[in-house]
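Enquirer: Provided below are the primary sequence and the corresponding predicted coordinates.
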Amino acid sequence: AAAVDFIKWVYSDAKNDAAWFEQTMLPPARDDLTSNEAFTSILDQHPELKPYAENVPNAIPPMDNAKYNDLQTIIGEQAFNKVVKGGITPDAGWANMKKAIESALK
């Protein structure tokens with residue numbers, strides 16, 4: 001009952017999501033981030049977050065797979081992190097990631 005009350009409290013007021021957004025710089029899963037006044041000052045202070053806020057309505061929930069966290073780790077370790085740091089090419093990152101994910105899903 002306490003957990004349900006907490007969830008109701010969190011979702012009852014956009015200011016709660018704004019506090020989360022301000023502290024973490026992670027946009028909450030709300031379709032009104034760019035139209036709700038609770039988020040205006042955050043997006044004004046951090047315009048680099050606006051494209052993310054604009055696209056929250058287009059987001060697709062993560063896959064329902066017991067290995068989801070492992071797969072996300074693979075993406076980071078085998079591809080994304082190495083590509084961003086210039087350690088490998090995007091094509092090599094894709095190939096490494098694909099091979100590792102396919103192996104993990106067997």
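Expert: On my side now, so go ahead.

Enquirer: okay, CA-based contacts and neighbour counts for the rest of this
Expert: OK.

Enquirer: Do a quick rundown of the strands in the protein.
Expert: Counting by DSSP state E, the chain has no strands at all.

Enquirer: shaky segments in it?
Expert: Along the chain, no part satisfies pLDDT under 70.

Enquirer: ok, now with 80
Expert: Scanning the chain with the threshold set as pLDDT under 80 gives 10-11, 61-63.

Enquirer: mind listing what the most centrally placed residue in the chain touches?
Expert: Geometric centre of the chain, nearest residue: Leu26, 7.1 Å, by Cα atoms, centre = their mean. Leu26 makes contact with Trp20, according to Cα atoms under 8 Å, 6 or more residues apart in numbering.

Enquirer: Against Val84, how distant is it?
Expert: 20 Å (Cα to Cα, to the nearest Å).

Enquirer: go on, Pro61?
Expert: Per Cα to Cα, Pro61 is found 24 Å from Val84.

Enquirer: Those two: which is more packed in?
Expert: Using other Cα atoms under 10 Å, the more surrounded residue of Pro61 and Val84 is Val84, with 13 against 7.

Enquirer: With just CA atoms, put stretch 38-49 into CSV.
Expert: Extracted in CSV, the C-alpha atoms of stretch 38-49 (Å, rounded to 0.1, in the frame of the first residue of the first chain):
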residue,chain,number,x,y,z
ALA,A,38,7.0,22.6,-15.1
PHE,A,39,9.8,21.7,-17.5
THR,A,40,10.2,25.1,-19.3
SER,A,41,13.0,26.5,-17.1
ILE,A,42,15.0,23.2,-17.2
LEU,A,43,14.8,23.0,-21.0
ASP,A,44,15.7,26.8,-21.3
GLN,A,45,18.7,26.2,-19.1
HIS,A,46,19.7,23.1,-20.9
PRO,A,47,18.7,23.5,-24.6
GLU,A,48,20.8,20.4,-25.5
LEU,A,49,18.1,18.3,-23.8
